[in-house]
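*Asks:* Turn this into a model:
(one chain, ligands or ions: 1)
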Amino acid sequence: MMHIFCPYCGELREEEEFHVKGQAHIERPKDPEACSDAEWGDYLFFRNNPRGVHHELWIHAVGCRKYFNITRHTVTYEILETYRMGEQPTITGETKADPTTQAKGVSA
Ligand SMILES: [Zn+2]
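*Replies:* Here you go, the predicted model:
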């Protein structure tokens, strides 16, 4: 059983209480009318699928029902950090997070 740290509840909760909602930090185009079909299609349908560090939008569906973000390593499934909406991740692909380091906000 994996436990995930909810940044709003402030505690570790069972994985079954959460649902993933897809890639985090997708910004809606400021002026959709000025977008080309390709730009609008990219916004609506195309998502990153990296091998490594990925930022995902999750919801604590059976808890506080709030959305938050998770930084997860897609190879090891290790959750590197969780953070509230509007906050930025401290771990990114550029920081080259080591998946073997101690996870922040998760325990197995
Ligand atoms: Zn919560």
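*Asks:* All the helices of the chain, residue numbers only.
*Replies:* If you assign secondary structure with DSSP state H, the helices in the chain sit at 37-45.
*Asks:* Okay, now the unreliable bits of it?
*Replies:* When the per-residue scores of the chain are filtered using pLDDT under 70, the ranges that remain are 96-108.
*Asks:* Enumerate every residue touching the residue nearest the centre of it.
*Replies:* Centrality entry for the chain: nearest residue to the mean C-alpha point is Glu56, 2.0 Å, by C-alpha atoms, centre = their mean. By C-beta atoms under 8 Å, 6 or more residues apart in numbering, the contact list for Glu56 reads Val20, Lys21, Gly22, Gln23, Ala24, Asn69, Ile70, Thr71, Arg72. (Each C-beta comes from the backbone N, C-alpha and C, glycine too.)
*Asks:* Please pick the buried ones from the residues you listed.
*Replies:* Among the contacts of Glu56, those classed as buried by 16 or more other C-beta atoms under 10 Å are Ala24, Asn69, Ile70, Thr71, Arg72.
*Asks:* Among the residues you listed, which one sits closest to Arg84?
*Replies:* Distance to Arg84, by C-beta to C-beta, is smallest for Asn69 among the buried ones among the contacts of Glu56, at 7.6 Å.
*Asks:* That closest one and Ile26 touch, don't they?
*Replies:* No - contact status for Asn69 versus Ile26: not in contact, 11.4 Å apart, counting by C-beta atoms under 8 Å.
*Asks:* who touches both of the two?
*Replies:* Common neighbours of Asn69 and Ile26, using C-beta under 8 Å, 6+ apart, do not exist here.
*Asks:* What parts of the chain come near the ion?
*Replies:* Counting by C-beta under 5 Å from the ion, the chain comes close to the ion at Cys6, Tyr8, Cys9, His60, Gly63, Cys64.
*Asks:* Most widely separated two among those residues?
*Replies:* The widest separation within the residues of the chain next to the ion, taken as C-beta to C-beta, falls between Tyr8 and Gly63 and amounts to 8.1 Å.
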